[in-house]
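>>> Here is the input, now give the coordinates:
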Amino acid sequence: MNQDDILRLLLADDSLNDAEMYISVLRNAGHAVRATRIEDDEDLREALQEKQFDLFLCKRGLELLPMAEALQQIQQLGRDIPVVIVDADPTPDTRRESLAAGTADLVGSEDLKHLQLVVDRELQHVRTRRRLRQLEKALKETERRCSTLLDSSRDAIAYVHEGMHIYANPAYLEKFGVEQFEDIEGMPLLDMIASTHQSGFKDFLRNYSKGDHSQRDMELDMVAEDAELSVSVNLSPASIDGEPCTQILIRDRSDTRDLERQLDSLSKQDLATGLYNRTYFQEILAETLGGLAPEEGEPGHGLLLIQMDNSDMLRQQLGINAFDKVIADAAAILGNEMDAGATAARFTDDSIILLLPRVGVHESVALAEAVRQRLENHITEIRDKTVTATCSIGVVVLGANAASADAEINNVNLACETARKAGGNQVHLHAGGGRDADEQATWRDTIEDALAQNRFYCVYMPLASLKGEEGERYEVRVRLRGDDEEERLPKEFITPAEELGLMTAVDRWVVKHAIEQLAARIRLGLDTTLFLKISGATLADKAFLPFLGEQLKSAGVPGKHLSFQVNEPVAVTQLNDARDVFRGLKELGCGFTLDHFGSGLNPFQLVKHLPADYLKLDRSLLEQMDESEEAEERIKGIIENAHSMRKQVVSGYVEDAGTLARLWQHQIDFVQGNFLQPPTQEMNFDFSGMVI
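Okay, here's the model as predicted:
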């Protein structure tokens, strides 16, 4: 679990039951609560001195801990902790009094939904403030390092504001024969320009100061100890103590060309990692998107954002300079994995962004997974310490309908954040769709409400044996009942659920309800097996197998009555996760099915790693069977190869008797489709008489 996901709660309430209730409410809202309960001002001071807290939840009117005393102690100790007051009988006057005293809010003890919202808001605010302080600290350190570099540079560099000198490095002072900076501090730069060039330079500097950066360089003569120097002047934006100014770089004309090339390279580069910097990468991405072919079928580009997990904690433990070494190692790992045509840049202080030309989904996700695994297994040596780190990776595939560079960077950041919130050390593919923040919020509310109110429901589609195997088999599919009571299909809500990191919750809901149905049918003496789809997010969820084991044990259902379906493309890109889940399912006695089988170039290579019980043919093979003898031969070959490996083959999407007969001729094991029976809410299919 990420440290950012833990809620370190300080709680003051004279009722133990109420305190436990608040903790339970926050945990049910998704917070990993670590609570410390106090009773008086001494407990408060001791707790604040020993630990860091994210939130202080305090009951109003405590005799042993008056609100004013608590706020004073927090202020004296310099702690940034939002204080939320809980009142059994809140009034506008008490709320105004509480806010005036310096608390974050006052909520009613009975309005638990309001409490959740206030806690979410204040946690976001306090974490943002902490992040800002860390960035300010990093900025100061960066400015200190820049100042050191400037002072040691052999290039003559000065900073000017409104044309006046406000800084000059030793090389600048030496070049113009000045003993100390105080001699030119506040002196107009124009006074050091030869009279023949003063007018032109004045216009040059004025235009640059007004924001016209089309011209950054000018060749002119400057005066140094009564002699004129032929130099090249380069201007660039800078700041000192947070105030904007202009950097003046002076070079002799003879060195200009070589140094221009070096400067151009440095202006595009992050020095710590050797990668490009964010500004240059955004230019490359914008140019790339502008050149995408409009045809839908053309290959797109992969965009990956690789963010270090627990970066704040690593900075605190190692320091900023040492953390740069961790990022540099990650950049080196990335360099070994990516092709020569890829473009990588350090995007933020703890993330790297990568553009892969002309690749599809599988290649992008596969590279992301390879980088994730390499980094997880890598050890960084820093002085006398060894450090291991993991990362969360977001993936976006840029097709012909790609939006602007800023929009796609936002999408890949959302995907990366989804991976981080799901526990980190994983890859998440952005499903696209172009949803804005309001639409995402609506979908989040819809899906979370459906989970809480059981507005999801299951339908069942039979898998019929063509070889007379006993028992009944159904594939479980999930539906969502909308506000208008109309059925919403998975194609509508699965993608938003994946984007919002809610697929693990949806999968668990389906598993729980499927096991309940199995328990009821077993009590009736029915031999039922249910086939359940699970997502890539669930494959990566380390808590899923323990959850499944608890559900089976609680319901008294043997694992053999369940078979879990994983899409072949997902299994390929999450092979390690799929192996772990496969082994865990086998320990529980469950079956395993590879769905969308045969879509890859060499599908049976995957079966060697994941010896599934069932192979379910990809829909495209069935759709091509009527049009192509080659497709039918491919189906026949898959079935024969599977049988040689003692695997059973399932074909879905059987829509007519002719397709059924042809599959039977090729000795398919199971069939499924609307021709037999469309999905229904009841498991009522007559499995007798299915042998042709």
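>>> give me the number of residues near residue 525?
Residue 525: 6 surrounding residues under other C-beta atoms under 10 Å. The way it works is simple: take the backbone N, C-alpha and C, and place the C-beta from them, glycine included.
>>> Could you look up the SS state of it?
coil (DSSP: H, G, I helix; E, B strand; the rest coil).
>>> Tell me how far it lies from residue 272.
Distance, residue 525 to residue 272, using C-beta to C-beta, to the nearest Å: 68 Å.
>>> Also residue 634?
Separation of residue 634 from residue 272 (C-beta to C-beta): 51 Å.
>>> least trustworthy helix or strand in this protein by mean pLDDT?
Within the chain, no helix or strand scores below helix 256-267, which has a mean of 59 by mean pLDDT, DSSP states H and E.
>>> Let me know whether residue 101 touches residue 69 as I believe.
No - counting by C-beta atoms under 8 Å, residue 101 sits too far from residue 69 to count as a contact (11.0 Å).
>>> okay, now the closest residue to residue 604 other than its chain neighbours: neighbour count?
Closest residue to residue 604 apart from its sequence neighbours, by C-beta to C-beta, 6 or more residues apart in numbering: residue 641 at 5.9 Å. By other C-beta under 10 Å, 15 other residues sit near residue 641.
>>> With residue 546 instead?
Using other C-beta under 10 Å, residue 546 is surrounded by 10 other residues.
>>> If I look at it, what pLDDT would I see?
With respect to pLDDT, residue 546 scores 94.
>>> again with residue 25
So residue 25 comes in at 85 (pLDDT).
>>> Excluding covalently adjacent residues, which one is nearest to it?
Nearest non-adjacent residue to residue 25, counting by C-beta to C-beta, 6+ apart: residue 112, 5.0 Å away.
>>> Quick check: the one you found vs residue 458, distance?
According to C-beta to C-beta, residue 112 stands 30 Å off from residue 458.
>>> out of those two, which sits in the busier spot?
Neighbour count, other C-beta under 10 Å: between residue 112 and residue 458, residue 458 has more, with 20 against 17.
>>> Is it correct that the more buried one falls within a helix?
No - counting by three-state DSSP, residue 458 falls outside a helix, being strand.
>>> contacting residues for it?
When contacts are counted by C-beta atoms under 8 Å, 6 or more residues apart in numbering, residue 458 touches 476, 477, 478, 479, 510, 513, 514, 517, 681.
>>> so residue 393 makes contact with residue 429?
No - contact criterion C-beta under 8 Å: residue 393 and residue 429 do not qualify, at 9.6 Å.
>>> Could you check which of these two has the larger neighbour count?
Using other C-beta under 10 Å, the more surrounded residue of residue 393 and residue 429 is residue 393, with 29 against 22.
>>> Next, work out how far apart that one and residue 452 are.
31 Å.
>>> Grab the nearest non-local neighbour of residue 533.
residue 565 (4.7 Å).
>>> you'd agree that neighbour is up against residue 590?
No - counting by C-beta under 8 Å, residue 565 sits too far from residue 590 to count as a contact (11.2 Å).
>>> Any stretches of the stretch 251-400 of the chain with poor pLDDT?
254-267, 291-299, 400 (pLDDT under 70).
>>> quick one: secondary structure of residue 494?
State at residue 494, reduced to three classes by three-state DSSP: helix.
>>> For residue 237, see how far away it is.
As for residue 494, its distance to residue 237 is 47 Å (criterion: C-beta to C-beta).
>>> higher neighbour count, those two?
residue 494 (19 against 12).
>>> My guess is that one contacts residue 502. True?
No - using C-beta under 8 Å, residue 494 is not in contact with residue 502; the gap is 9.9 Å.
>>> Roughly how far does residue 485 sit from residue 364?
Residue 485 sits 40 Å away from residue 364 when distances are taken as C-beta to C-beta.
>>> try residue 623
As judged by C-beta to C-beta, residue 623 and residue 364 stand 26 Å apart.
>>> Repeat that for residue 122.
Applying C-beta to C-beta to residue 122 and residue 364 gives a distance of 38 Å.
>>> what do you get for residue 475?
Using C-beta to C-beta, residue 475 is found at 30 Å from residue 364.
>>> just to revisit the earlier point, neighbour-wise, which of residue 565 and residue 590 wins?
Taking other C-beta under 10 Å, residue 565 and residue 590 do not tie; residue 590 has more neighbours (24 against 20).
>>> residue furthest from the geometric center of the protein?
residue 226 (61.0 Å; C-alpha atoms, centre = their mean).
>>> got a list of what that one touches?
So residue 226 contacts nothing (C-beta under 8 Å, 6+ apart).
>>> what does the model give residue 627 for pLDDT?
You'll see residue 627 listed with a pLDDT of 71.
>>> What segments of the stretch 201-350 of the chain are helices?
256-267, 278-290, 311-318, 320-337 (DSSP state H, counting those that start in this stretch).
>>> Let me know which of the ones you listed is the nearest to residue 179.
helix 256-267 (26.6 Å; C-beta to C-beta).
>>> any idea which helix is longest in the chain?
The single longest helix within the chain, with elements called by DSSP state H, is helix 112-152.
>>> and this structure, what are its domains?
The chain is divided into the following domains under automatic domain parsing: 3-133, 153-267, 276-429, 447-671.
>>> what about the shortest one, distance to the chain center?
If I follow you right, that is domain 153-267. On the basis of C-alpha atoms, centre = their mean, to the nearest Å, domain 153-267 sits 43 Å off its chain's mean C-alpha point.
>>> which residue sits closest to the residue nearest to the spatial centre of the chain, ignoring its sequence neighbours?
With distances taken as C-alpha atoms, centre = their mean, the residue of the chain nearest its centroid is residue 416 (1.6 Å). Leaving aside its chain neighbours, residue 416 sits nearest to residue 394 (3.1 Å; criterion: C-beta to C-beta, 6+ apart).
>>> Pairing partners for that neighbour in the sheet, please.
Counting by DSSP bridges, residue 394 forms beta bridges with residue 305, residue 428.
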